[in-house]
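Engineer: test case, fold it:
(2 chains)
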Amino acid sequence: MTVITRFAPSPTGLIHLGNIRTALINWLFARVNNGKFILRIDDTDAERSTKEYADKIKHDLDWLGINYDQTFDQSSRFEVYAKRFQQLKDSGRVYACYETSEELDRKRKLLSAAGGKQVYDRSALKLTDQQKKDYESEGRKPHWRFLMNSERIEWNDLLKGKISIDLTSLSDPVLIRADGVPLYTFTSAVDDIDYKVTNVIRGDDHTSNTAVQIELINALDKCDITFAHHALLQASTGNKLSKRDGVISIESFREQNMEPLAILSLLATIGTSNSIELKKDIKQIIDEFKIETISTSPGRIETDLLNALNKKLVQSLNFIDIKDRLERVDSRIDELFWNSVKGNLSTVEDIKKWADIVFNEDKIDVEDKEFVKQALSVIPAEPWDENTWEAWTAEIKELTGRKGKELFLPLREAFTGMKHGPEMKQLIQLLGREKILNRVNI
RNA sequence: GGUCCCUUCGUCUAGCGGUUAGGAUAUCUGGUUUUCAUCCAGAAGAUCACGGGUUCGAAUCCCGUAGGGACCGCCA
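Structural biologist: Coordinates of the predicted model:
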């Protein structure tokens, strides 16, 4: 049997590190098993869903290299849901309810205050035909709940092991809203059946929901989906990752110039027993993926980890790999420039700063004028190479008697305006004799 | 309040009855780089949440407690 997994975001916001981790796990699981990975857009709620977000989600996946074998929108399947709903109606597994949201809300509060179970009391089940007719003539439209029969649902979770949920502690789920829109619990079950999904891998927040869905799928068909629930990621503060928390959205990482591979490396290793390290490529991530290594206890994610991985990645990049990107930043950046400066970058775009330092035409004010003047008096003739700096500074040392920091720091500051930076023996080659003579303000 | 899950160095984790409790990251120190980063070497860091039980022996099995997480929507 072909393994089929899916990632089913609702296009109501940007996806973040937590969501994308779920997507990645599903994708990896499919790839490792030579299976199929489906992207399903859960957009039945037209008011909250936007095409813009759906596009952004696709763009994020695409950017990260998480490709899908198939994609579809739930909004294109309303007829299918209607048919499936009729099936449940025919088998007597759904019932019409006429409470308003406010009434249900009040009921819940009452139950909560009384310390009892906050579970729907199924009072709609006791409605007579006359009462229903009265509601209808009042203009009320019913919403429909699924009647759960089982006491308990058990399954063998691929990650958490044997799970057993008390179904009586859960409300009969609403499948169809009063406005006729089918809800997630229902559409997801239908789609998982129709698209022959074999493995549903998702966050721990769905665990109790899974019991409901198993009951529902069994009412429609026969459930032989293997479920797996991974622990949720927490922010480094211990708070939950919020969808509205812009700083952890994939889009924001892209805007911060993080590399996809750095993000994937982090996501593939955090909350697992794998070493947190930069992976060579996506193939290595696939090769090393084992779903059993994913932890079931909620773990904190420290944002510094991503920065460290990204830095490591940038510094390992060869000129040939990013020639085109550098071209777009500044066409004057050549191989020597890249190799000289990359050790001081955290992101590829950081190179702008060094390009500016090297290429700008501004004068640099020098504090130690006398010393620098002496240094320039023995500036070597071009051509310059790797050894020029050493030879030159040896001469300056001889001339001035300075050594160590006293010798090197003033020169670095005079030529670059910076206290730190790439090795001077490289930098002076990038600058060249004329530029050094011109920019120093003495 | 109910249901389900979790608890080992700062952080992510290995561990399946007998280990000096291992690794990765972060931290610190030394070396390299006459800077920073990298790299190399080393160090420090965990009363295995707590209490009880089972056992010759428990991080590991059982019970309880505490703490954390998730869910309990006409959201997904």
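
Engineer: phi first, then psi, for whichever residue of the stretch 151-300 of chain A sits closest to RNA strand B.
Structural biologist: Residue nearest to RNA strand B within the stretch 151-300 of chain A (CB to the nearest atom of the strand): A:Ser297, separated by 2.5 Å. C-beta coordinates here come from the backbone N, C-alpha and C atoms, glycine included. Torsion angles at A:Ser297 (phi, psi; degrees, to the nearest 10) stand at phi -110, psi 140.

Engineer: what do you get for the one 3 residues further on?
Structural biologist: Its backbone dihedrals place A:Arg300 at phi -90, psi 150, with angles given as degrees, to the nearest 10.

Engineer: neighbours of it, how many?
Structural biologist: When counting by other CB atoms under 10 Å, one arrives at 13 neighbours for A:Arg300.

Engineer: what sits closest to it if chain neighbours are left out?
Structural biologist: Excluding its sequence neighbours, the residue lying closest to A:Arg300 (CB to CB, 6 or more residues apart in numbering) is A:Gln234, at 4.8 Å.

Engineer: please apply the same query to A:Ser295.
Structural biologist: Closest to A:Ser295 by CB to CB, 6+ apart is A:Gly271, at 4.9 Å.

Engineer: got the contact list for the residue most central in space within chain A?
Structural biologist: Most central in chain A under CA atoms, centre = their mean is A:Leu17, positioned 3.0 Å from the mean C-alpha point. A:Leu17 makes contacts with A:Leu233, A:Leu241, A:Ile248, A:Ile250, A:Ile263, A:Leu267, A:Ile301, as judged by CB atoms under 8 Å, 6 or more residues apart in numbering.

Engineer: contacting residues for the third one?
Structural biologist: Right, the one you point to is A:Ile248. A:His16, A:Leu17, A:Gly18, A:Ala235, A:Leu241, A:Ser242, A:Thr303.

Engineer: report the beta-bridge partners for A:Thr226.
Structural biologist: Counting by DSSP bridges, A:Thr226 forms beta bridges with A:Asn199.

Engineer: ok, it touching A:Thr198?
Structural biologist: Yes - between A:Thr226 and A:Thr198 there is a contact at 6.4 Å, judged by CB atoms under 8 Å.

Engineer: part of a strand, is the residue nearest to A:Arg300?
Structural biologist: Yes - according to DSSP: H, G, I helix; E, B strand; the rest coil, A:Gln234 belongs to a strand.

Engineer: got the contact list for it?
Structural biologist: Contact partners of A:Gln234, counting by CB under 8 Å, 6+ apart, are A:Lys240, A:Leu241, A:Pro298, A:Gly299, A:Arg300, A:Ile301.

Engineer: what about 10 Å?
Structural biologist: Counting by CB atoms under 10 Å, 6 or more residues apart in numbering, A:Gln234 touches A:Gly18, A:Lys240, A:Leu241, A:Gly271, A:Pro298, A:Gly299, A:Arg300, A:Ile301.

Engineer: please flag which of the residues you listed sit within helices.
Structural biologist: Among those, DSSP state H puts A:Gly18 in helices.

Engineer: among the contacts of A:Gln234, who's most crowded?
Structural biologist: Neighbour max across the contacts of A:Gln234 (other CB under 10 Å) = A:Gly271, 24 neighbours.

Engineer: OK, contacts around it?
Structural biologist: A:21, A:25, A:230-234, A:293-301.

Engineer: and what of A:Arg152?
Structural biologist: Here A:Arg152 is in contact with A:Ser164, A:Ile165, A:Asp166, A:Leu167, A:Thr168, A:Ser169, A:Ala211 (CB under 10 Å, 6+ apart).

Engineer: how is chain A partitioned into domains?
Structural biologist: As assigned by automatic domain parsing, chain A contains the domains A:1-73+A:181-316, A:80-176, A:317-359, A:364-441.

Engineer: among the ones you listed, which is the most enclosed?
Structural biologist: Compared across the domains of chain A, domain A:1-73+A:181-316 shows the largest average neighbour count, a mean of 18 (mean count of other CB atoms under 10 Å).
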